[in-house]
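Trainee: What follows is a predicted structure for the sequence shown.
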Amino acid sequence: MKLMNKKQFGQFFTKNTDYILQDFSKYIAEKNITDPFAGDGDLLKWAKKNKAKSTIGFDIDENYVDKTNVFFRDSLSKPFNYEFVLTNPPYLYQNKLEDNSILKNSKHTDLFQISLEKIMLSKEGIVIVPINFLSAENSKYIRELFFNKFEIVKINYFTEQVFADTTYNVIAFYYKLKTTNTSKMQIDFSIYPENIKIKLDIFQKFNWQIGGEFLNEIKLAENKLKIKRLEETDLNKGENVIKTAYNHLNDLREFNVDKTTLSKLKNNIILLKAIDTGTDKGKICLEDIRDYNLDALVSIKTSRNQIYLLFPDNVSIEEQKKLIELFNATLNQKRKRYFSLFMTNFRDKNRKRISFNFAYKLLNYLYFTEIKGEKIVKTELTLF
């Protein structure tokens, strides 16, 4: 593997080590510590300070090789047997890599995933990686590999930025070899800076994903209602003026539509906001479009945030109002239970997002189970 610069290789150096690894020092005392992706050696310094028996680091970037503490080695191409790994491996999503040759022939989509695979010859360790390891659908493969061999005992999760050179939300966790072949794991979570302590269960049958039991339940729902978003192509021209927002509530426009389109819009009221704004009042939710004195919101195909939903004629406005209440209550309850950890981060920050497909499935699930009292039949449709 050729040498890469920091941007190419996804290097984010650990400078807040005492904060990130608080309550972890007990795991490394009298251990032989190796950092396969050592960078400037900050984690090795922390290990020495906390009574590690020995420390050694490796890195592919010769700028950090001093042949005393850090030695040259390509730890991705040449994995090694480690007693105890302490590392902040490279992480960068495949579409951000200038050179994607590392991931091209693997089943991974991010550098941190292949990095985790390459340290699996270890017995135990402490690793700092993005929260997506436990929450994202695209980390399913590395979770299967990792949890087939290891268990996680403790996690520190950070809802704020901890690295100056990246906005990724990260976790630091201590892992060790499994002593029993368990299908369930309970993990102690410490959440900072809120200083909240919780315990979360993850299950093999739900792909070791946080909130997997909830996500799997929604995954079983089909979009039987054929819910879709309104796009400009759905507006048939006519003589009736409607007031709309165009792709975002800040862009107000008027359209002339025919009677059929007007009638359709009058019978649909739900606006979906699918991305957190970053404030408590700006969380993902459903709202009544009429509260904005609008008839509709017209989406463009690339929209990932605000959309106006079209339901079949048999779903009444009263039922839609009930769906707004049920959707918001259910999502907020699950966010509280799992500290929003089952949701995907938006732009690497502590803002969350949901896919439109997930929203459609959740609405179908709530409509048929809560309003109509039916049971959900298993399908093979995917959630995301």
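Mentor: That came through, no problem.

Trainee: residues contacting the residue of the chain positioned farthest from its centre?
Mentor: Distance from the C-alpha centroid of the chain peaks at residue 239, with 45.5 Å (Cα atoms, centre = their mean). Residues near residue 239 by Cβ atoms under 8 Å, 6 or more residues apart in numbering: 256, 258. C-beta coordinates here come from the backbone N, C-alpha and C atoms, glycine included.

Trainee: per-residue confidence for it?
Mentor: In this model, residue 239 is scored at 97, pLDDT.

Trainee: would you say it is within a strand?
Mentor: Yes. Membership of residue 239 in a strand is supported by DSSP: H, G, I helix; E, B strand; the rest coil.

Trainee: What is the burial count for residue 70?
Mentor: 22 (other Cβ atoms under 10 Å).

Trainee: Next one: it from residue 126, what distance?
Mentor: Distance, residue 70 to residue 126, using Cβ to Cβ, to the nearest Å: 18 Å.

Trainee: re the thing from before, ok, the residue farthest from the centre of the chain to residue 267 distance?
Mentor: 19 Å.

Trainee: give me every residue that touches the closest residue to residue 65 other than its chain neighbours.
Mentor: Using Cβ to Cβ, 6 or more residues apart in numbering and skipping residues adjacent in sequence, the residue nearest residue 65 is residue 72, 4.7 Å away. Contact partners of residue 72, counting by Cβ under 8 Å, 6+ apart, are 58-60, 62, 65.

Trainee: Nearest to residue 201, out of those: which one, please.
Mentor: Of all these, residue 58 has the smallest distance to residue 201: 35.4 Å, by Cβ to Cβ.

Trainee: Quick check: what element follows the lengthiest helix in the chain along the chain?
Mentor: Identified as the longest helix of the chain according to DSSP state H is helix 317-338. Note on helix 317-338: by DSSP states H and E, the next helix or strand toward the C-terminus is strand 344-345.

Trainee: For the contacts of residue 72, could you give me JSON lines that also reports pLDDT and secondary structure?
Mentor: Formatted as JSON lines, the contacts of residue 72 follow (pLDDT from 0 to 100; DSSP: H, G, I helix; E, B strand; the rest coil):
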{"residue": "58", "pLDDT": "94", "secondary structure": "strand"}
{"residue": "59", "pLDDT": "93", "secondary structure": "strand"}
{"residue": "60", "pLDDT": "89", "secondary structure": "coil"}
{"residue": "62", "pLDDT": "90", "secondary structure": "helix"}
{"residue": "65", "pLDDT": "93", "secondary structure": "coil"}
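
Trainee: For these, work out which two are farthest apart.
Mentor: Checking the contacts of residue 72 with Cβ to Cβ, the most distant pair is 58 and 62, at 11.6 Å.

Trainee: quick one, which of the two is more surrounded?
Mentor: Relative neighbour count places residue 58 above the other of residue 58 and residue 62, with 20 against 9, counting by other Cβ under 10 Å.

Trainee: what's across from the residue nearest to residue 65 in the sheet?
Mentor: Residues in a beta bridge with residue 72, per DSSP bridges, are residue 59.

Trainee: With residue 187 instead?
Mentor: Listed by DSSP bridges, the beta-bridge partners for residue 187 are residue 200.

Trainee: Can you tell me how far it is from residue 322?
Mentor: For residue 187 relative to residue 322 (Cβ to Cβ), the value is 36 Å.

Trainee: count of neighbours near residue 329?
Mentor: With other Cβ under 10 Å as criterion, residue 329 counts 11.

Trainee: Parallel or antiparallel, list what pairs with the helix or strand where residue 156 lies.
Mentor: Using DSSP H and E, residue 156 sits within strand 150-158. Strand pairing for strand 150-158, using DSSP bridges, gives strand 170-177 (antiparallel), strand 184-192 (parallel).

Trainee: tell me the most buried of those?
Mentor: strand 170-177 (a mean of 21; mean count of other Cβ atoms under 10 Å).

Trainee: which other residues reach that one?
Mentor: Contacts for strand 170-177 (Cβ under 8 Å, 6+ apart): 20-21, 24, 27, 123-131, 133-134, 146, 149-158, 162-163, 187.
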